[in-house]
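Quick one, fold the following:
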Amino acid sequence: QVQLVDSGGGVVQAGGSLRLSCAASGRTFSIYDMGWFRQPPGKEREFVSAIRSGGASTYYADAIKGRFTISRDDTNNMVYLQMNSLKPEDTAIYYCAASATAFLGETMNPQIWGYWGQGTQVTVSQ
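Coordinates of the predicted model:
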């Protein structure tokens with residue numbers, strides 16, 4: 001099993017940057033595919049990005065492609081989401097997630113991700 005703690009959210013002006021962090025506990029962190037989802041106000045949770053165990057593959061939602069970068073540090077059990085050129089529509093609660101099989105199936109489907117962080121609020125003002 002793995003426990004996840006998200007951090008790094010905040011309030012930023014449009015065009016600004018933030019880096020989200022996800023700290024994972026558990027000795028088997030490196031075997032998990034890791035991802036980020038977000039839930040905008042009044043909307044359902046949506047996929048943002050994922051990185052395969054080992055870090056060889058990454059996957060991004062079209063809405064954030066070219067602006068966000070996911071990375072992982074297996075030595076320190078960390079996952080990051082660097083967010084640049086932020087827009088007001090990026091405002092949401094962002095959640096870190098882990099799955100042992102995300103890249104084998106519907107990566108963008110929240111239901112296949114078995115472990116979740118508590119979420120961190122990102123607010124982008126105009």
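
Could you count how many residues lie near A63?
Neighbours of A63 under the rule other C-beta atoms under 10 Å: 14. From N, CA and C alone the C-beta is placed, and that goes for glycine too.

ditto for F103
Close neighbours of F103, defined as other C-beta under 10 Å, add up to 16.

Tell me the spacing between it and E46.
F103 sits at a distance of 18 Å from E46 (criterion: C-beta to C-beta, to the nearest Å).

and E46, bridged to which residues?
R38 (DSSP bridges).

I figured I51 hits S30, correct?
No. I51 is not in contact with S30 according to C-beta atoms under 8 Å; the separation is 11.6 Å.

out of the two, which sits in the busier spot?
I51 (25 against 14).

Now do the contacts for the more buried one.
Shown in contact with I51 (C-beta atoms under 8 Å, 6 or more residues apart in numbering): D33, M34, G35, S57, T58, Y59, I70, S71, R72, V79.

now, which of those residues sits nearest L20?
Nearest to L20 out of the contacts of I51 is V79 (C-beta to C-beta; 8.6 Å).

what sits against the closest one?
Contacts of V79 (C-beta under 8 Å, 6+ apart): S21, C22, A24, M34, W36, I51, I70, S71, R72, D73, C96.

Thanks again, I'm all set now.
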